[in-house]
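Chemist: Test case, fold it:
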Amino acid sequence: MNKSYSRSSLGILISVFFFWGFCAASNTVLIGLFKRNFELTQLQGQLVDWAFYFAYFIGALLYLIFSVMGGDPLNKIGYKKGLIAGLLISAVGALGFIPAANAESYPMMLASLFTIGLGFSLQQIVANPYVIALGDPATGSHRVSLAGGINSFGTTIGPLLLAFAVFGNLNGGDNATITSEMGKNPVSINIERNSNKTETITGPVFLKERTVMGKLPYYYFATSNTDSATLCGQYSFMKEKGKGAVILYKEDRDSLDAQVKMLKNLYPASGFTGARIPIITLNKKSYLALLSAVNTIGGASMETQLMGVEKVKTPSLILCAAFVLFALILGLSKLPTVTNPDKMEKNLGALKFPQLKWGMLAIFVYVGTEVTTQSNLLALLKQPDYLGLDVDKTIHFISLYWGCLMIGRWTGALKVFNFSKVTNMVMTVIVPLIAYGVIIGVNYLKGSPMTDFYAFIPFVFILIAGFFISQDKPARTMMLFGIIAMIMMLIGLLTVGKISMYSFISGGLFCSVMWPCIFSLSIAGLGKYTTQGSSLLIMMIFGGAIIPPFQGYLADKMGIHISYIVPLLGFAYLAFYGWKVKQILQKQGIDYDATAGNSGH
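Modeler: A predicted model of the protein is given here:
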């Protein structure tokens, strides 16, 4: 393979990684929009992530089937053309959101997301070994780290941009404005049932039943004292008139959920005819604000913006155009055409390499551990011995977790720039702090509480120390970062409160550079089986759809806190993999730790 590369070629290639992060992290915004408009359960809403990640598995599986039956297809057409093909497949998927929105079809939405993921799977199969092939394989993990840093930047700003495009605000949350003699007061709300169209409902708010004359639309404010018969009668009246909205509040969350379910069962989403009357719930702070406004002399009115599924059409069209434009740029670029001259037998010959088999399990565990650590975090923070706060008050900790990956990947990519030894040491301290500043800046724009970020700074310095000790050696990095992450998980398990919380979140820091290390170590020495090995590794991304539900199952049986033994075990295997793969490669005459440590300074 071609071992020479220019920075411009590398820059063009790793820009693809931005799309992966942008789309994957934006799924959370889509889940919230789809759940309300399609009346989805929590499990049905999670099909968004399943469709996306399952596409990686299917795409890699199809590649393997074609590879076994007719030889490596990517080796025939070249990595560059394979990357362009993947971008065009994703463009078709993005375009598919437009007819899906017109038809208001959730299965069509999932099919479009699946198609985007299918294109991404091909891009991943090509791009990771392509980045490694553009230079010395021993330093391939550093180039993949740089690409991962671009990916992490996409995960950081993707949800922000999509939330702004769909909801008109950076948080992606629901908001309303109360107007009374006290002035205008914006409040946070939660829309449990949407009207299934984009509109603004403006009208007075009433505490008492109003079923005959009056200005439409209006809001019926059901407090804890409202009986079920009156509430159902009012909701039916609004349904008949085709206007209005119901506002609900109960201090007990289970009782509130039961009330929402009762109204939804009154007019189920399936077979829904006529107007869909919105159902809005409030937190305690918003409830008190609305109650105070309603009880003023002039009463209160409220304005709420509802977002229909057609709001995805413009962002999806822009995304489609971006995919096509970037495919065109790649086609016109002077990116080298990389293929392997060796003819590959029509079999799964890549599996004869033990470093790949251990690496496949490592990718499965790594992705699962990375995803499960944050996917169960919000449930942990709701516990009384942690923060005891609802999801809308702790979502910025998820931003911090994903930002941790950006910190590590930006730092892990420094060696790509061939700085002098002294400059590299200085940058190893400065770059993580700059990346952390980006995280703080993004969350400042979102309105997150800044004090929650200051206490995490010591963990960033632990990461910096880890980089100095690991000396840019991939196998040593796996062992060291795996052990540090294990210690952090143990601290999290043995403590509660903010120390435990920050310890679990810090797992993102030590996950950050594991993907490039695993990838470069796993395909080392594969030769003509490199792209086949890459596809097998991409298949293992499916761990992100298996391990988090397993931790959720343990949380239901044993408690959410103790369930964090799952990422502890995950990091234990990843540390073991670093030791194991080093032994395997040394027997084959390959020692990336030795060559990586002696190059570039």
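Chemist: Just give the number of residues close to residue 203.
Modeler: Neighbour count of residue 203, defined by other C-beta atoms under 10 Å: 18. All C-beta spots, glycine's among them, are computed from the backbone N, C-alpha and C.
Chemist: Any figure for the gap between it and residue 63?
Modeler: If you measure residue 203 against residue 63 using C-beta to C-beta, to the nearest Å, the figure is 55 Å.
Chemist: domains of this protein?
Modeler: 7-170+311-597, 199-306 (automatic domain parsing).
Chemist: in what helix or strand does residue 192 lie?
Modeler: Element membership for residue 192 (DSSP states H and E) is strand 183-193.
Chemist: And the contacts of that strand?
Modeler: For strand 183-193, contacts defined as C-beta atoms under 8 Å, 6 or more residues apart in numbering pick out 36, 39, 173-179, 248, 260, 263-264, 276-283, 285-286, 289-290, 293, 304, 306, 392.
Chemist: Give me the subset of the residues you listed that lies in helices.
Modeler: 36, 260, 263-264, 285-286, 289-290, 293 (DSSP state H).
Chemist: can you tell me which two in these are farthest apart?
Modeler: 264 and 293 (27.2 Å; C-beta to C-beta).
Chemist: Among the two, which residue is more densely surrounded?
Modeler: residue 293 (23 against 14).
Chemist: can you pull the contacts of residue 367?
Modeler: 540-544, 547.
Chemist: still on that earlier bit, of the contacts of strand 183-193, buried ones?
Modeler: Neighbour-count burial (16 or more other C-beta atoms under 10 Å) is assigned, among those, to 36, 39, 173-176, 178-179, 248, 260, 263, 276-283, 286, 289-290, 293, 304, 306.
Chemist: Please enumerate the helices of the stretch 1-150 of the chain.
Modeler: 7-37, 42-45, 47-70, 73-77, 79-95, 97-103, 106-133, 140-167 (DSSP state H, counting those that start in this stretch).
Chemist: looking at those helices, which has the lowest confidence?
Modeler: Across those, helix 42-45 has the smallest mean pLDDT, namely a mean of 64.
Chemist: Can you give me the neighbour number for the residue nearest to residue 315 when sequence neighbours are not counted?
Modeler: Once flanking residues are discounted, residue 315 sits nearest to residue 165: 4.5 Å by C-beta to C-beta, 6 or more residues apart in numbering. For residue 165, the count of nearby residues is 17 (other C-beta under 10 Å).
Chemist: Wait, a strand at residue 202?
Modeler: Yes - assessed by DSSP: H, G, I helix; E, B strand; the rest coil, residue 202 belongs to a strand.
Chemist: What is the burial count for the residue lying closest to it once chain neighbours are set aside?
Modeler: In this structure, residue 202 finds its nearest non-sequential neighbour in residue 303, 4.5 Å apart by C-beta to C-beta, 6+ apart. As a burial measure, residue 303 scores 16 neighbours (other C-beta under 10 Å).
Chemist: and residue 303, what does it touch?
Modeler: Going by C-beta under 8 Å, 6+ apart, the list of residues near residue 303 reads 176-177, 179, 200-202.
Chemist: Out of those, which comes closest to residue 97?
Modeler: residue 200 (23.4 Å).
Chemist: quick one: the residue lying closest to that closest one once chain neighbours are set aside from residue 18, how far?
Modeler: Leaving aside its sequence neighbours, residue 200 sits nearest to residue 305 (C-beta to C-beta, 6+ apart; 5.2 Å). Per C-beta to C-beta, residue 305 is found 30 Å from residue 18.
Chemist: cool, residue 289 as well?
Modeler: 40 Å.
Chemist: ok, now residue 491?
Modeler: 34 Å.
Chemist: Of these two, which one has the most company?
Modeler: residue 18 (21 against 15).
Chemist: How many neighbouring residues does the nearest residue to the more buried one once chain neighbours are set aside have?
Modeler: Spatially, and ignoring its direct neighbours in sequence, residue 18 is nearest to residue 154 (4.3 Å; C-beta to C-beta, 6+ apart). By the criterion of other C-beta under 10 Å, residue 154 has 23 neighbours.
Chemist: Next: residue 92.
Modeler: By other C-beta under 10 Å, neighbour count at residue 92 equals 16.
Chemist: I figured it hits residue 114, correct?
Modeler: No - using C-beta atoms under 8 Å, residue 92 makes no contact with residue 114, being 11.2 Å away.
Chemist: okay if I get the helices of the stretch 1-150 of the chain as CSV plus distance to residue 326?
Modeler: Output for the helices of the stretch 1-150 of the chain, formatted as CSV (distance: least, C-beta to C-beta, whole Å):
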stretch, distance to residue 326
helix 7-37, 7
helix 42-45, 30
helix 47-70, 19
helix 73-77, 18
helix 79-95, 6
helix 97-103, 18
helix 106-133, 10
helix 140-167, 13
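Chemist: So which of those helices is nearest residue 572?
Modeler: Nearest of the helices of the stretch 1-150 of the chain (C-beta to C-beta): helix 140-167, 21.3 Å.
Chemist: relative to helix 7-37, how tilted is the closest one?
Modeler: 40 degrees (axes from the mean of the first three to the mean of the last three C-alpha atoms, to 10 degrees).
Chemist: Determine the angle, from 0 to 180 degrees, between helix 140-167 and helix 106-133.
Modeler: Using the same axes, to 10 degrees: helix 140-167 against helix 106-133 is 150 degrees.
Chemist: could you say what helices and strands helix 140-167 packs with?
Modeler: On a contact count with 3 or more C-beta pairs under 8 Å, 6 or more residues apart in numbering; DSSP states H and E, helix 140-167 meets helix 7-37, helix 106-133, helix 313-332, helix 396-412, helix 421-446, helix 514-522, helix 592-597.
Chemist: Tell me which of these sits most buried.
Modeler: helix 514-522 (a mean of 29; mean count of other C-beta atoms under 10 Å).
Chemist: and that one, C-alpha only, in CSV?
Modeler: The C-alpha trace of helix 514-522 is given here as CSV (Å, rounded to 0.1, in the frame of the first residue of the first chain):
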residue,chain,number,x,y,z
MET,A,514,-9.2,3.1,21.9
TRP,A,515,-10.9,2.9,18.5
PRO,A,516,-7.9,3.9,16.5
CYS,A,517,-5.6,1.7,18.6
ILE,A,518,-7.8,-1.4,18.2
PHE,A,519,-8.3,-0.8,14.5
SER,A,520,-4.6,-0.3,13.6
LEU,A,521,-3.5,-3.2,15.8
SER,A,522,-6.2,-5.5,14.5
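Chemist: tell me which strands and helices that helix is in contact with?
Modeler: helix 106-133, helix 140-167, helix 354-375, helix 474-494, helix 530-539, helix 565-587.
Chemist: hmm, back to that, which residues touch the residue nearest to residue 315?
Modeler: 311, 314-315.
Chemist: out of the helices of the stretch 1-150 of the chain, nearest to residue 530?
Modeler: helix 106-133 (5.1 Å).
Chemist: how far off helix 47-70 does that closest one point, in degrees?
Modeler: Using the same axes, to 10 degrees, helix 106-133 lies at 60 degrees relative to helix 47-70.
Chemist: correct me, but residue 180 touches residue 298?
Modeler: Yes - using C-beta under 8 Å, residue 180 is in contact with residue 298, at 6.5 Å.
Chemist: follow-up on the earlier one: which single one of the contacts of residue 303 is nearest to residue 578?
Modeler: residue 176 (51.5 Å).
Chemist: Quickly list what the closest one is bridged to.
Modeler: residue 187, residue 304 (DSSP bridges).
Chemist: Double-check it against residue 302; I have them as touching.
Modeler: Yes - judged on C-beta under 8 Å, residue 176 makes contact with residue 302 at a distance of 5.5 Å.
Chemist: So, low pLDDT: which residues of the stretch 501-601 of the chain?
Modeler: 592-601 (pLDDT under 70).
Chemist: if we go to 90?
Modeler: 512-513, 515-517, 519-520, 523-560, 586-601 (pLDDT under 90).
Chemist: Likewise for the stretch 351-500 of the chain?
Modeler: Those would be 351-352, 368, 371-403, 405-406, 409-421, 424, 438-439, 441-452, 470-474, 496-498, if you go by pLDDT under 90 across the stretch 351-500 of the chain.
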